[in-house]
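Undergrad: heads up, no residue letters with this:
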């Protein structure tokens, strides 16, 4: 029983320290400084997802833009393009949303979400 309490205290202490001393913007800066690291694209993508889930759309758009600028091809490109379009739409940055969706359709013609992207692009085409 004492071991579980000690583990809980250590985990909570780590959470408390990290939440007071680090933020996601630091993660983006660190990933930008280490572009060759295998974890960097994932860090950009998941920081963007956290911001998007928090409804902090400008920050999410920044994270997805960094991901797609630094890693124009890779395992997070398709998802990043769709998420960038979503964040840009929420920010009423329709030009960025249109460009992201058009790029997604062009680069991933066989992707399972291609029809969704085409419908979204048609919807925001004249906004």
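TA: Nice, I can see it. It should be emphasised that the depicted structure is a prediction, and the values quoted were computed from it without experimental measurement.
Undergrad: report the contact partners of the closest residue to residue 105 other than its chain neighbours.
TA: Sequence neighbours aside, residue 117 is the residue nearest to residue 105 in space, at 5.4 Å (criterion: C-beta to C-beta, 6 or more residues apart in numbering). C-betas here are computed from N, CA, C, even on glycine. Counting by C-beta atoms under 8 Å, 6 or more residues apart in numbering, residue 117 touches 82, 85, 101, 104, 105, 111.
Undergrad: nearest residue to the middle of the protein?
TA: residue 48 (2.7 Å; C-alpha atoms, centre = their mean).
Undergrad: what helix or strand does it sit in?
TA: helix 40-53 (DSSP states H and E).
Undergrad: buried ones in that helix, by neighbour count?
TA: Buried residues in helix 40-53, counted by 16 or more other C-beta atoms under 10 Å: 40, 41, 42, 43, 44, 45, 46, 47, 48, 49, 51, 52.
Undergrad: equivalent analysis for stretch 58-65, please.
TA: Buried, per 16+ other C-beta under 10 Å, within stretch 58-65: 59, 60, 61, 62, 63, 64, 65.
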